[in-house]
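Engineer: I need the structure of the sequence given here:
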Amino acid sequence: MNTADLMTEATSLPLEERAKLVDSLLQTLNPTDTTVTDAWLALAQSRLDDIDSGRVATIPGEAVFSQVVQRLAR
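Structural biologist: Numbering: from 1, shown residues only. Prediction:
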């Protein structure tokens with residue numbers, strides 16, 4: 001099978017399957033560095049712990065976007 005045939009097959013897949021295929025292909029071009037992934041995971045867990053413990057307060061998304069719109073309107 002050549003590249004053109006693969007492209008034809010790939011574009012005929014449902015959206016979710018195409019997304020999985022693209023992700024898999026991108027992983028082969030830029031392999032995941034587990035050190036970086038682990039660091040991001042630790043940071044995310046730390047931030048979640050801060051929220052769960054009440055050390056930090058969350059801001060509703062609507063409020064954040066409202067503030068952004070107001071700042072951009074200046």
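
Engineer: what residues are up against residue 9?
Structural biologist: residue 1 (Cβ atoms under 8 Å, 6 or more residues apart in numbering). C-beta: built from backbone N, CA, C; applies to glycine.

Engineer: Can you show me the helices along this structure?
Structural biologist: 3-11, 15-29, 34-53, 61-73 (DSSP state H).

Engineer: With mean pLDDT added, can I get these in JSON lines?
Structural biologist: Output for the helices of the chain, formatted as JSON lines (pLDDT from 0 to 100):
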{"stretch": "helix 3-11", "mean pLDDT": "95"}
{"stretch": "helix 15-29", "mean pLDDT": "94"}
{"stretch": "helix 34-53", "mean pLDDT": "96"}
{"stretch": "helix 61-73", "mean pLDDT": "96"}
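
Engineer: what's the residue closest to the geometric middle of the chain?
Structural biologist: Centre of the chain computed as the mean C-alpha position; nearest residue by Cα atoms, centre = their mean is residue 23, 11.2 Å away.

Engineer: how close does that residue get to residue 32?
Structural biologist: With the distance defined as Cβ to Cβ, to the nearest Å, residue 23 ends up 11 Å from residue 32.

Engineer: Residue 12 now?
Structural biologist: Distance from residue 12 to residue 32, by Cβ to Cβ: 28 Å.

Engineer: What of residue 47?
Structural biologist: For residue 47, the distance to residue 32 - Cβ to Cβ - is 21 Å.

Engineer: Compare these two (neighbour count), which wins?
Structural biologist: residue 47 (12 against 8; other Cβ atoms under 10 Å).

Engineer: If you tally nearby residues, what's the number for the residue lying closest to that one once chain neighbours are set aside?
Structural biologist: Leaving aside its sequence neighbours, residue 47 sits nearest to residue 56 (Cβ to Cβ, 6 or more residues apart in numbering; 7.8 Å). Close neighbours of residue 56, defined as other Cβ under 10 Å, add up to 11.
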